[in-house]
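K.L.:
Fold the following for me, if possible:
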Amino acid sequence: MTQRDRFTVAGRQTDCHVFEGEGTRPILEKNLRVRYNPKQVEFPDEIGQWRREVEEEQKRAEAAGEPHRWNNPRFAVQRLVIRRTHTLEDPGATLTLCDADYYDFLATSINLDRKRANGVTLREEYLERRDPVDAPAFMFCSLGVNVAVETGRDHKMLFSHRSALVAGPNKRRWNSSANEGLARNHDLPEDGSAISLHAVARRALKEELAVHAGDEADLELLGFGLDLRNNQWAAFFRAVLKDLGEDELRDRWTKGVEDKWEHDKHAFVPADAESILRFILDQPEEHWTPCAPALFYLALVRGAVLARGGDPAGRLDVEAVERRLMRDREQDDA
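P.N.:
Numbers count the residues shown, from 1 in each chain. The predicted model follows:
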């Protein structure tokens, strides 16, 4: 059995495994390959019955005029392979996707701890007794693109709090600045070109934060994580909005945001390591989504590396602040 380590910040362990990336080097868009297999994900018979139960329940709720979930087409992750370029050994990745839908996702995500006929849960079989990275595609009917946003005008990091209206286990939790799940109706190009995670990140900025294509933004893919609690893949992006600050964004939000309902509050925190790490640690662990702390930590490291002119030793600057905060907290608890 392979145990995947969990991201830890200042002694606080999360349910996120950082699969690739440590903040010092981004995965360039040209070094990310997304392969698409237009074949529907397949379930074992018993899980297929759970999926039919989900569909019947959502149809019943819709007919009764009750809140229900639209079955939007999405993707399942068949595999994620990490690689290095031949000459410079820059980080790269190959992501292979097939077809899935939202009911496919619900069938597994809400039933991870449901006993099957053999008495074993999905969590026990695929996440605890085996390496979760090797789980079959039907276990990964969701890939979230998560963006950590830093404002260029006043150098603040943006944290978004998911509202009670969003579906899934991460409602009422602090999360990335913006995030979107890959969806076939939005992210599968009609011209047959490759799916772009960078384009999904830009869509997340537009739909959740009203940051448009005309706004200058430095966007970098920092890596990938695996939410071990909810069994979902996550892509980690950092975006620096060069000409926008807190005041400009908040003013823009008063004029309307496409998916404004997804968040009920935002926090703008000075984008230095001490302020960001204090903010993360000051919120109770259960108030965070599993992968958000890892995303913001990698974004901090990337900012520190760039501040050193590209020197990877910027990572050590963040770690030094982290150690000091741990000592301060230990003294406060003594």
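
K.L.:
Figure out how far stretch 238-250 is from the centre of its chain.
P.N.:
20 Å (CA atoms, centre = their mean, to the nearest Å).

K.L.:
what's in contact with that stretch?
P.N.:
Residues from elsewhere that reach stretch 238-250 (CB atoms under 8 Å, 6 or more residues apart in numbering): 26, 147-154, 156, 158, 177, 201, 205, 209-211, 215-220, 222, 266, 268, 298-299, 302-303. Where you see a C-beta, it was placed from the backbone N, CA and C, and this is true even at glycine.

K.L.:
Stretch 260-270 too?
P.N.:
151, 154-166, 174, 208, 246, 250, 253, 275-276, 279.

K.L.:
go on, stretch 181-197?
P.N.:
So stretch 181-197 is contacted by 29, 32-34, 36, 72-75, 95, 97, 99, 142-145, 199-200, 203, 221, 235, 237 (CB under 8 Å, 6+ apart).

K.L.:
which of the residues in it are buried?
P.N.:
Residues of stretch 181-197 classed as buried: 181, 182, 183, 184, 187, 188, 195, 197 (neighbour count, 16 or more other CB atoms under 10 Å).

K.L.:
Which of the residues you listed fall within strands?
P.N.:
In this view, the buried residues of stretch 181-197 that belong to strands under DSSP state E are residue 181.

K.L.:
can the buried residues of stretch 181-197 go into CSV with extra columns for pLDDT?
P.N.:
Formatted as CSV, those follow (pLDDT from 0 to 100):
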residue, pLDDT
181, 92
182, 94
183, 93
184, 94
187, 95
188, 94
195, 95
197, 98
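
K.L.:
With respect to residue 50, which of the buried residues of stretch 181-197 is nearest?
P.N.:
Using CB to CB, residue 181 comes nearest to residue 50 of the buried residues of stretch 181-197, at 20.2 Å.

K.L.:
That closest one pairs with what?
P.N.:
Beta-bridge partners for residue 181, by DSSP bridges, are residue 144.

K.L.:
Could you check how far it is from residue 328?
P.N.:
The gap separating residue 181 from residue 328 is 38 Å, by CB to CB, to the nearest Å.

K.L.:
Repeat that for residue 137.
P.N.:
45 Å.

K.L.:
which one of these two has more residues nearby?
P.N.:
residue 137 (22 against 12; other CB atoms under 10 Å).

K.L.:
Could you verify my assumption that the more buried one touches residue 75?
P.N.:
No - in this structure, residue 137 is not within contact of residue 75 by CB atoms under 8 Å, at 9.4 Å.

K.L.:
Overlap of the contact sets of those two?
P.N.:
By CB under 8 Å, 6+ apart, the residues touching both residue 137 and residue 75 are 98, 100.

K.L.:
ok but residue 147 is inside a strand, no?
P.N.:
Yes - the assignment for residue 147 by DSSP: H, G, I helix; E, B strand; the rest coil puts it in a strand.

K.L.:
what about residue 54, which helix or strand?
P.N.:
Using DSSP states H and E, residue 54 sits within helix 45-63.

K.L.:
Buried residues, that helix. List them.
P.N.:
For helix 45-63, using 16+ other CB under 10 Å, the buried residues are 47, 50, 51, 54, 58.

K.L.:
From the contact counts, what lies against it?
P.N.:
For helix 45-63, the elements it packs on are helix 102-109, judged by 3 or more CB pairs under 8 Å, 6 or more residues apart in numbering; DSSP states H and E.

K.L.:
What angle do helix 45-63 and the helix it packs on make with each other?
P.N.:
120 degrees (axes from the mean of the first three to the mean of the last three CA atoms, to 10 degrees).

K.L.:
This structure: strands as residue ranges?
P.N.:
Taking DSSP E, the strands of the chain run over residues 8-9, 12-13, 16-20, 32-40, 73-84, 91-101, 143-151, 156-162, 174-175, 178-181, 217-227, 232-241, 263-270.

K.L.:
can you state the direction angle for the longest one and strand 232-241?
P.N.:
Regarding strand 73-84 and strand 232-241, their directions subtend 80 degrees when assessed with the same axes, to 10 degrees.

K.L.:
Now do the buried residues in strand 73-84.
P.N.:
74, 75, 76, 77, 78, 80.

K.L.:
Help me confirm that residue 33 comes into contact with residue 94.
P.N.:
Yes - judged on CB under 8 Å, residue 33 makes contact with residue 94 at a distance of 4.5 Å.
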